[in-house]
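give me a 3D structure for the following:
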Amino acid sequence: MPYINIRLGTTLNEAKRAQLYEKTTALMSAIMRKRREVTVVHIQESDPQTWATNAVALATEDPASAYVDIKVTEGTNTPEEKAEMLSHTKKMLHDVVGAVQEACYVVIDDVPANSWGYNGITQAARAASKS
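So this is what the prediction gives:
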């Protein structure tokens, strides 16, 4: 039940947004073994000038800034899967968005199963009901 928040210092057209939705969901399924039907991707876009690297605001012609926050249930992925996801996410951003800043961060948050869930049920309760 992953939640992925992609924050960009650029604006995208509808086709590129659709590509990010599909490619992010596909990566989560293929690499992180997450179910597509409960994978949520949220894209937030803003003007480049609202981002700064090395204390310098970006200009429109600069490579885009990006920050991707991936939330998954703690203990459901190996370090190798996470490393692969980080690498593929950076490549996906470059393929869809174009050049991105070197300071492009992808973070995978391991959230305890008793601290989040969906449809009003924690992941811990879901796991216990399957036992």
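
distance from the biggest helix by length in the chain to the middle of the chain?
Ranked by residue count under DSSP state H, the longest helix found in the chain is helix 79-97. For helix 79-97, the distance from its own C-alpha centre to the chain's C-alpha centre is 9 Å (C-alpha atoms, centre = their mean, to the nearest Å).

now the helices for the protein?
Residue ranges of the helices in the chain, as given by DSSP H, are 14-30, 79-97, 123-130.

what comes into contact with the longest one?
Going back to what we said before, that points to helix 79-97. Here helix 79-97 makes contact (C-beta atoms under 8 Å, 6 or more residues apart in numbering) with 6, 8, 10, 12, 16, 19-20, 23-24, 27-28, 31-33, 64, 66, 68, 70, 77, 100, 104, 106, 108. C-beta here means a position set from N, CA and C on the backbone, and glycine is covered the same way.

if any of those are buried, put those into a PyMOL selection.
Restricted to buried positions by 16 or more other C-beta atoms under 10 Å, the PyMOL selection for those reads:
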select buried, resi 6+8+10+12+16+19+20+23+24+27+28+31+32+64+66+68+70+77+100+104+106+108
